[in-house]
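1. Sequence first, predicted coordinates after that:
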Amino acid sequence: MESNRRNFLRHSFASATGLAAATILPTELFGYGSYNTDRMEEIILQPQDRPAPKDSIRFAVIGINHTHIYGMVDALTKGGGQFVSVYSRETELLPDFSKRFPNAKIAKSEAEILEDTSIQLIASAAVPVDRAPLGIRVMLAGKDYMTDKPGILTFDQFKEVKKVQKKTNRIYSIVYSERLSNPASVKAGELVLSGAIGKVVQTLGIGPHRISPKSRPDWFWEPEKAGGILCDIGSHQCDQFLFYTQSKQAEVSYSQIGNFNNPKYPNYCDFGDMSVRSPHATGYIRIDWFTPDGLDMWGDGRMFILGTEGYIEMRKYIDIAGRKGGNHLFLVNQKETKYFDCSQVHMPYGEQLVSDVVNRTQTAMSQEHCFLATELALTAQKRAFKLNV
C-alpha cells in the first residue's frame, strides 16, 4: 500500500512539473495564439453604378401558386422586362398579386397569353407538377420559359421537355434561386472563377427550411405534386455543385430520405441528403424542414467551397455568430483571411436572361447546366433509400 502511495505521488509531481514547464514555452509551439481574429480584413462591398439594361422584352406570368413568383418578376423587370399580363387558374391568389403588380393585365385564360405574339417569355410558379407541361406548351407557342424550381418532376416530363426544347430551340430556364438570387452566392462565383481558392475539389451545401405547416397548401405534402425533398430543394444544391466546380457531367453517389417529424403525412419526407461527384470534384448535400422557431430566419443556409489553395464559407441568410442580416462570405487562402458583406452585390440573372431572350445566347445559364442540375435531383429522389423512421 505504501509503495502504491509513493508511486502516485511521484507521478503526480512529474505531471505537475511538466505542466509548469509547459507554461514558460512559447504558445506558438502548440499553435495557441497563432490565429488572431483581429487580422481578418472586413470588406463591405458597395453598390456600383450600373447602366440601364441594354435589352428589353415583354413577358407574362402563368401560375402564381408559390410566392417565389414575386422575386422572379422583380428580377425580370429590373433586368429590362416589361410585365404585360398574368393568368391564374386559382383566382383567389390574384388580389394580393395584383396589389404588388397593379400594371399587369389579368388575362381571362392561358390561351390569351400563349396566343399573344408580342409576349416573348412566360414565367411560372404554378403547382410544381404543372410546371413542365406548361413549359412544353410555352415553347411550342414560340416563347421562352422561366420556371420556379422544381421545374421538372419526373423522368417522363424530363424526356419530353428536352425533346421539345431541342426541337424549338427555346430557353427553358429553371430558377435555382439559392444561387441566382443570392448576392453572396454571386460573389462566391466571382471569387472561384478568379482562382482565389485554386481548383475547387468539393462543395458542402446545407439547406434547412422552416416548414410552417399552417401556411402550406395541400399539394405541398404530396410528393407526386411537389416533387419530393431532393427533387425540390435539393435541386438548388445540385446547381451550386455544378456551378462552383465547373462540372459538365456528374452523377449521384448515394441518396436517402426520411420522414422524422410529420406522421400526419406518411408519404412526405422532411429530411434528405445525398452525395454527388464529377470526374474532378465531389459534393455533399443535406436538406431538411427542421428550422426551429427560435431562429429569426426561415433557414440557416450554408455553402462551403473547398479548393486546393483555400476555401469559402457562405452564411447566406443569417449569421448566428452575431453579424446582422444575411449575405456573409468568408474567404481563406494562402495569402489572407477576409470577410465580405455581400448585401449590395448586383445579381445579374434577370438582366442576363432578358439579354439571352433577345440575342439567343446562354449567359444566364447554359441549357445543359440547367438540365443536368435537374437530372441529378431527379435521380437522387428516385434512387433514395428511405430511412425507417
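-> Arrived safely, thanks for sending.

2. residue boundaries of the helices in the stretch 51-200 of the chain?
-> With DSSP state H, counting those that start in this stretch as the criterion, the stretch 51-200 of the chain has helices at 68-78, 94-100, 110-114, 128-140, 155-168, 177-180, 183-193.

3. closest to Asn388 out of the ones you listed?
-> helix 155-168 (25.8 Å; C-beta to C-beta). (Each C-beta comes from the backbone N, C-alpha and C, glycine too.)

4. now the angle from the closest one to helix 128-140?
-> Put simply, helix 155-168 runs at 20 degrees to helix 128-140, going by axes from the mean of the first three to the mean of the last three C-alpha atoms, to 10 degrees.

5. who does helix 155-168 touch, helix- and strand-wise?
-> With contacts defined as 3 or more C-beta pairs under 8 Å, 6 or more residues apart in numbering; DSSP states H and E, helix 155-168 has these neighbours: helix 128-140, helix 367-383.

6. is it possible to export the helices of the stretch 51-200 of the chain to a markdown table including distance to Glu368, mean neighbour count and mean pLDDT?
-> Converted to a markdown table, those look like this (distance: least, C-beta to C-beta, whole Å; neighbours: other C-beta atoms under 10 Å; pLDDT from 0 to 100):
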| stretch | distance to Glu368 | mean neighbour count | mean pLDDT |
| --- | --- | --- | --- |
| helix 68-78 | 22 | 20 | 98 |
| helix 94-100 | 33 | 12 | 98 |
| helix 110-114 | 27 | 18 | 98 |
| helix 128-140 | 17 | 22 | 98 |
| helix 155-168 | 10 | 15 | 98 |
| helix 177-180 | 16 | 24 | 98 |
| helix 183-193 | 17 | 20 | 98 |
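
7. Dump the ones you listed to a markdown table, plus distance to Ser275.
-> Formatted as a markdown table, the helices of the stretch 51-200 of the chain follow (distance: least, C-beta to C-beta, whole Å):
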| stretch | distance to Ser275 |
| --- | --- |
| helix 68-78 | 27 |
| helix 94-100 | 39 |
| helix 110-114 | 40 |
| helix 128-140 | 24 |
| helix 155-168 | 20 |
| helix 177-180 | 18 |
| helix 183-193 | 20 |
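
8. who wins for proximity to Cys370 among these?
-> Here helix 155-168 is closest among those (C-beta to C-beta), at 9.5 Å.

9. Out of the helices of the stretch 51-200 of the chain, the one nearest Asp356 is which?
-> Between the helices of the stretch 51-200 of the chain, helix 68-78 lies closest to Asp356; by C-beta to C-beta that is 11.8 Å.

10. Distance to Ile64 for the helices and strands packed on helix 155-168 - can I get that in TSV?
-> Output for the helices and strands packed on helix 155-168, formatted as TSV (distance: least, C-beta to C-beta, whole Å):
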stretch	distance to Ile64
helix 128-140	12
helix 367-383	22
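
11. how about the helices of the stretch 51-200 of the chain, which one is nearest Gln249?
-> helix 155-168 (15.6 Å).

12. Can I get the closest one as PDB, trimmed to CA atoms?
-> Presented in PDB, the C-alpha positions along helix 155-168 are these (Å, rounded to 0.1, in the frame of the first residue of the first chain):
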ATOM      1  CA  PHE A 155     -38.200  11.500 -65.900                       C
ATOM      2  CA  ASP A 156     -41.100  11.200 -68.300                       C
ATOM      3  CA  GLN A 157     -41.500  15.000 -68.000                       C
ATOM      4  CA  PHE A 158     -37.800  15.500 -68.300                       C
ATOM      5  CA  LYS A 159     -37.600  13.400 -71.500                       C
ATOM      6  CA  GLU A 160     -40.400  15.400 -73.100                       C
ATOM      7  CA  VAL A 161     -39.100  18.800 -72.000                       C
ATOM      8  CA  LYS A 162     -35.700  18.000 -73.500                       C
ATOM      9  CA  LYS A 163     -37.200  16.800 -76.700                       C
ATOM     10  CA  VAL A 164     -39.400  20.000 -77.200                       C
ATOM     11  CA  GLN A 165     -36.600  22.300 -76.200                       C
ATOM     12  CA  LYS A 166     -34.300  20.800 -78.700                       C
ATOM     13  CA  LYS A 167     -37.000  20.900 -81.400                       C
ATOM     14  CA  THR A 168     -38.000  24.600 -80.800                       C
END
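
13. Helix 367-383 and that one, what's the angle between them?
-> 170 degrees.

14. Met146: what's its closest spatial neighbour, skipping adjacent residues?
-> Once flanking residues are discounted, Met146 sits nearest to Ala123: 4.4 Å by C-beta to C-beta, 6 or more residues apart in numbering.

15. list the contacts for that neighbour?
-> 59-62, 69, 72-73, 76, 145-147 (C-beta atoms under 8 Å, 6 or more residues apart in numbering).

16. again with Tyr265
-> 221, 259.

17. Okay, and it sits in which element?
-> Tyr265 belongs to no helix or strand when elements are defined using DSSP states H and E.

18. And Val357, by the same measure?
-> Per DSSP H and E: helix 349-359 holds Val357.

19. Now do the residue nearest to Met146, the pLDDT please.
-> Predicted confidence (pLDDT) for Ala123: 99.
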